[in-house]
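In: I'll drop the sequence and a predicted model, then ask my questions.
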Amino acid sequence: MENVGIYTPPSKNKPVLTGLSGEHFQVNLTIEDLEVTQSAQDKLREIVTQSEDEVSAIRIYIGGGGCSGMTYGMTFTDQQTDFDTVIGFDGFKVFVDVVALNYLRGAQIDYIQEEGRERFVFNNVFAETGGSGSCGGCGSAQ
């Protein structure tokens with residue numbers, strides 16, 4: 001049998017972006033990237049300061065959601081990765097990794113207090129790709 005498909009490495013190495021040192025990687029988030037309303041900032045500051053754990057930041061994350069779009073959430077963190085973007089507030093920071101940022105860019109995080117119900121809300125999140133949640137094609141919508 002003839003040997004076809006022998007790998008030959010490229011003769012020139014391409015530059016690699018490595019986290020914080022890459023010139024095209026912007027670490028600092030702006031309000032255009034992700035807006036956190038004053039009510040959300042106040043509640044997040046309260047949660048961080050009342051935590052019994054050593055917490056310095058909130059990590060915003062995304063998960064797959066099928067036809068109804070992505071799911072969004074937040075968790076405590078004390079470690080920043082090389083691929084996190086950061087926005088700082090009085091008393092805490094918010095970390096968003098670059099993959100999640102692609103889905104969150106232009107979004108707003110708000111904190112809403114209604115009678116008997118308080119919650120964080122992600123507004124204007126990747127609206128153009130969300131679905132109705134009722135197509136039933138993948139079996140996740142019921």
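Out: Yep, that arrived.
In: Now the biggest helix by length in the chain: buried residues?
Out: Ranked by residue count, the top helix of the chain under DSSP state H comes out as helix 38-50. Residues of helix 38-50 classed as buried by neighbour count (16 or more other Cβ atoms under 10 Å): A40, Q41, K43, L44, V48. C-beta: built from backbone N, CA, C; applies to glycine.
In: Rank those residues by pLDDT and give me only the lowest.
Out: Comparing pLDDT over the buried residues of helix 38-50, V48 scores lowest. The value there is 92.
In: Which secondary structure state is assigned to V55?
Out: Per DSSP: H, G, I helix; E, B strand; the rest coil, the local secondary structure of V55 is coil.
In: Would you check that it makes contact with M74?
Out: No: here V55 lies out of contact with M74, judged by Cβ atoms under 8 Å, at a distance of 11.6 Å.
In: of all the buried residues of helix 38-50, which two lie farthest apart?
Out: Within the buried residues of helix 38-50, two members stand farthest from each other by Cβ to Cβ: A40 and V48, at 12.3 Å.
In: could you point out which element follows the helix or strand containing Y103?
Out: Using DSSP states H and E, Y103 sits in helix 98-104. Next along the chain after helix 98-104, taking DSSP H and E as the criterion, comes strand 107-114.
In: What's the mean pLDDT across the helix or strand following that next one?
Out: Note on strand 107-114: by DSSP H and E, the next helix or strand toward the C-terminus is strand 117-123. Mean pLDDT, strand 117-123: 93.
In: Counting by contacts, list what strand 117-123 packs against.
Out: The contact analysis (3 or more Cβ pairs under 8 Å, 6 or more residues apart in numbering; DSSP states H and E) places strand 117-123 against helix 38-50, strand 107-114.
In: In JSON lines: those, plus distance to D90.
Out: Converted to JSON lines, the helices and strands packed on strand 117-123 look like this (distance: least, Cβ to Cβ, whole Å):
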{"stretch": "helix 38-50", "distance to D90": "7"}
{"stretch": "strand 107-114", "distance to D90": "15"}
